[in-house]
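1. Sequence first, predicted model second:
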Amino acid sequence: MNQRIEGRPTADETDDGTERSRRPDWFHRGHPVFFPLAGFFTGMVSIIVVPGVYAAVIKGLAGYDRAEELFPFVLLLLVVPIAMLVPRRTRRFARYMLLGMVATIVVVGGVAAAVLFFLLKKDA
């Protein structure tokens, strides 16, 4: 019953019969697609969530007119992945984060253009 399974300690080898602070089986940080997926979805979420939260906070603090004036500063969001391209350690994550950002912008822009085209054709 106490069989050793690929590097996992048996109940006899651990202090109290349970494994010490082991990551869950689904958490594979060393998997080759972990950082590309994490980077892509981080870029996607950052393009969708950050501008909305930024606008809401500025509008709440400074009012609607001031929020319109300060909204272009949300483009500083692009500095994060560009700065992450410099260190070798974060370069792969940053590339996929930029890919996620660009893909999200292209998809949202394409869908908006298609809906606008459809609505204009239907109205005419």
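-> Cool, got the structure.

2. any idea how far residue 36 lies from residue 101?
-> 14 Å (C-beta to C-beta, to the nearest Å). Where C-beta positions appear, they are placed from N, C-alpha and C, glycine not excepted.

3. These two - which one has more neighbours?
-> For the pair residue 36 and residue 101, the greater number of neighbours falls to residue 101 (23 against 17), based on other C-beta atoms under 10 Å.

4. which stretch of helix or strand covers that one?
-> Under the criterion of DSSP states H and E, residue 101 resides in helix 91-123.

5. which other helices and strands contact that helix?
-> Packing partners of helix 91-123 (3 or more C-beta pairs under 8 Å, 6 or more residues apart in numbering; DSSP states H and E): helix 34-62, helix 79-84.

6. Now do the same contact list for residue 78.
-> By C-beta atoms under 8 Å, 6 or more residues apart in numbering, the contact set of residue 78 is residue 101.

7. quick one: it and residue 36, what's the gap?
-> Residue 78 is 19 Å from residue 36, where distance means C-beta to C-beta.

8. Same question for residue 90.
-> For residue 90, the distance to residue 36 - C-beta to C-beta - is 13 Å.

9. now residue 85
-> From residue 85 to residue 36 the distance is 15 Å (C-beta to C-beta).

10. Residue 122 too?
-> Distance from residue 122 to residue 36, by C-beta to C-beta: 40 Å.

11. what do you get for residue 100?
-> In this view, residue 100 and residue 36 are 10 Å apart by C-beta to C-beta.

12. Point out where the protein drops to low pLDDT.
-> Within the chain, the segments meeting pLDDT under 70 span 1-29, 124.

13. in it, which residue is closest to the centre?
-> residue 42 (0.8 Å; C-alpha atoms, centre = their mean).
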